[in-house]
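**Q** all I have is the shape, not the residue letters:
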């Protein structure tokens, strides 16, 4: 696909996908959602880690509401089912780690797009806003699923009812994101985190993602069986043998991702 709303680059097993509509704070148009779905699916087959970020001063301002005259024509239910759901599932089910590098404001569906990723790293100047009630809507794009699991019922309810801005530092303190870092070290830190994952055991990372994603809906017996199956797959990889040998040799492992 010829991307018009994204900047996609790949280097050293790391695919960076930058939302590129800075003039509207990277609002999610229908075309951007389609392009992002394609980019994530393609990178999941070729890369060892994906970094999702934004250009300009925002990560993503959420749904592009478009022209005032066309608001009544927006079918939000269809849009969520046909466009958002496949995108969110592609991120969740991606076989490689997906890092959200939140460089600025993440609002509405943009905030929940970040929360769908495996790891969220935010610049300290960034913020998260469940802005939906400000325009007479309820949270969507998976927010009512992820946020209470990350920060608890009371904080999720307050964040969604009041639509208050949550700073990156507060989000980190709440357990909503992995870490908030100073702006001047943000780019380097994201690159280092992505590089570490790209050099890591890809099959093991896939197992981590699958086990944790299913843990909230599994009972103990089902989860133990899932762990055993996934660990069995990890144990058959070259990376497992390399990891053990490297441990015994007291040297860093050289994982191949298989």
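**A** Received it, and whenever you're ready, just let me know what you need. On a predicted model such as this, the values are computed, not experimentally measured, just so you know.
**Q** can you give me the helices for the chain?
**A** 30-46, 76-79, 85-93, 109-115, 143-151, 153-162, 168-174, 183-198, 202-215, 220-235, 238-249 (DSSP state H).
**Q** quick one: low-confidence parts of the chain?
**A** The chain contains residues with pLDDT under 70 at 67-70, 72.
**Q** report the residue ranges of every domain in it.
**A** Listed by automatic domain parsing, the domain ranges of the chain are 6-198, 202-249.
**Q** of the ones you listed, flag the one that's most buried.
**A** domain 6-198 (a mean of 19; mean count of other CB atoms under 10 Å). Where you see a C-beta, it was placed from the backbone N, CA and C, and this is true even at glycine.
**Q** closest to residue 126 out of the helices of the chain?
**A** When those are compared by CB to CB, helix 168-174 sits nearest residue 126, at 4.5 Å.
**Q** I'd like to know which elements that closest one is packed against.
**A** Counting contacts by 3 or more CB pairs under 8 Å, 6 or more residues apart in numbering; DSSP states H and E, helix 168-174 packs against strand 119-123, strand 127-129, strand 179-181.
**Q** and the gap between residue 183 and residue 53?
**A** Look at residue 183 and residue 53: by CB to CB, to the nearest Å, they are 14 Å apart.
**Q** check residue 256 too.
**A** For residue 256 relative to residue 53 (CB to CB), the value is 27 Å.
**Q** thinking again about what came up before, for residue 103, which of the helices of the chain is the nearest?
**A** Nearest of the helices of the chain (CB to CB): helix 183-198, 6.9 Å.
**Q** what lies in contact with the closest one?
**A** Here helix 183-198 makes contact (CB atoms under 8 Å, 6 or more residues apart in numbering) with 12-14, 47-49, 51, 53, 97, 99, 101, 103, 119, 121, 123-125, 181, 205.
**Q** stretch 127-136 too?
**A** 62, 65, 102, 104-108, 111, 114, 122, 138-140, 143, 147, 159-168, 171, 176-177.
**Q** go on, stretch 106-114?
**A** 25-28, 52, 58-63, 84, 87-88, 91, 100, 102, 120, 122, 126-132, 139-143, 146-147, 177.
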